[in-house]
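[1] Predicted model and sequence below, questions to follow.
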Amino acid sequence: MSRIVEKYLEYIVAIIIGIITRNIWIAIAILCLGLLLRLTIFKGRSSNQGNLNPQNILEGGYNPTDFELNLLSLCALIIKANGTKPTQKELDYVRYKFVSLYGKEKANEIFRAFNQIKHAEVPITRICLYIRARTNYEARLSIIHFLFDIASLDGRIKENEMALLERINKNLNISQSDFESVKAMFRQEKDDDYTILGINKDASDAEVKKAYRDMVKRYHPDRIETDDVAIRKGAEEKFKRIQEAYESIQRQRGFQ
């Protein structure tokens, strides 16, 4: 009931004043003034929500309100997964990725905000819930690809890093088969091309072609419902790797 009153407050007030004064023009003026005031407040709130807000601390730990800050927090967790201090190479690479994606000015703003909260306890579940509420499945899969890229900087993904990636994957509600597909993109093993397409090596040519068509339909970058450049870049790189895997199998088997 209170929500209804709040939503139509201007109309209710205008009607009451119109009845009391018996003057419809006064009622209309009050209504217009109320709607104008609500619009001004709404714009002010929207403007505030557009700025990075590192001070948003809720019960249970850190709860960032900006997508880029969430993504940077996950990157920080990945490079600290082994319990050792991140190397300068790792820090520089993460900064390079953000500058190349968001531009120097926006990236600096993100890092300034992150520096204010980087020592706070970051609950992975809350970050992932935030991301899940704002992205579709394909976009979240691109985030996993982006994090794999960060983890593989030194040429291999360590055990603790993989365990953390699996935990993030679970919290982002990505299927295990899709996770294995992304994982295969960062390995150099014999049958990885098949794993990327989600099939076994003994699949028939027809099954290989079908798997590729299904991958194209599901994970084409145009299906990513986001304006975030990091997610879109991850989707493009993942799609490119899917094409490369299919072309590799084509060459091995000699079919078109």
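    Thanks, I have it.
[2] Point me to the helix or strand that includes the closest residue to Tyr130 other than its chain neighbours.
    Among residues not flanking Tyr130 along the chain, Asn70 sits closest, at 5.7 Å (C-beta to C-beta, 6 or more residues apart in numbering). In short, each C-beta sits where N, CA and C put it, glycine included. Assigned by DSSP states H and E, Asn70 belongs to helix 67-79.
[3] State the next helix or strand along the chain beyond that helix.
    helix 88-102.
[4] Only C-alpha atoms, please: export the next helix or strand after that following helix in PDB.
    Downstream of helix 88-102, the first helix or strand assigned by DSSP H and E is helix 104-117. Only the C-alpha atoms of helix 104-117 are listed here, as PDB (Å, rounded to 0.1, in the frame of the first residue of the first chain):
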ATOM      1  CA  LYS A 104      43.500   5.600 -19.300                       C
ATOM      2  CA  GLU A 105      41.200   8.100 -17.600                       C
ATOM      3  CA  LYS A 106      38.400   5.600 -16.700                       C
ATOM      4  CA  ALA A 107      41.000   3.000 -15.700                       C
ATOM      5  CA  ASN A 108      42.700   5.400 -13.400                       C
ATOM      6  CA  GLU A 109      39.400   6.200 -11.800                       C
ATOM      7  CA  ILE A 110      38.700   2.500 -11.300                       C
ATOM      8  CA  PHE A 111      42.100   1.900  -9.700                       C
ATOM      9  CA  ARG A 112      41.800   5.000  -7.400                       C
ATOM     10  CA  ALA A 113      38.500   3.700  -6.100                       C
ATOM     11  CA  PHE A 114      39.900   0.100  -5.700                       C
ATOM     12  CA  ASN A 115      42.900   1.400  -3.800                       C
ATOM     13  CA  GLN A 116      40.500   2.700  -1.100                       C
ATOM     14  CA  ILE A 117      38.900  -0.700  -0.500                       C
END
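[5] Give me the angle between helix 104-117 and helix 88-102.
    130 degrees (axes from the mean of the first three to the mean of the last three C-alpha atoms, to 10 degrees).
[6] after helix 104-117, next one along is what?
    Following helix 104-117 in sequence, per DSSP H and E, is helix 124-134.
[7] Any buried residues in that following helix, and which?
    Buried residues in helix 124-134, counted by 16 or more other C-beta atoms under 10 Å: Ile124, Arg126, Ile127, Cys128, Tyr130, Ile131.
[8] picking up where we left off before, count the neighbours of the residue nearest to Tyr130 for me.
    Per other C-beta atoms under 10 Å, the neighbour tally for Asn70 reads 20.
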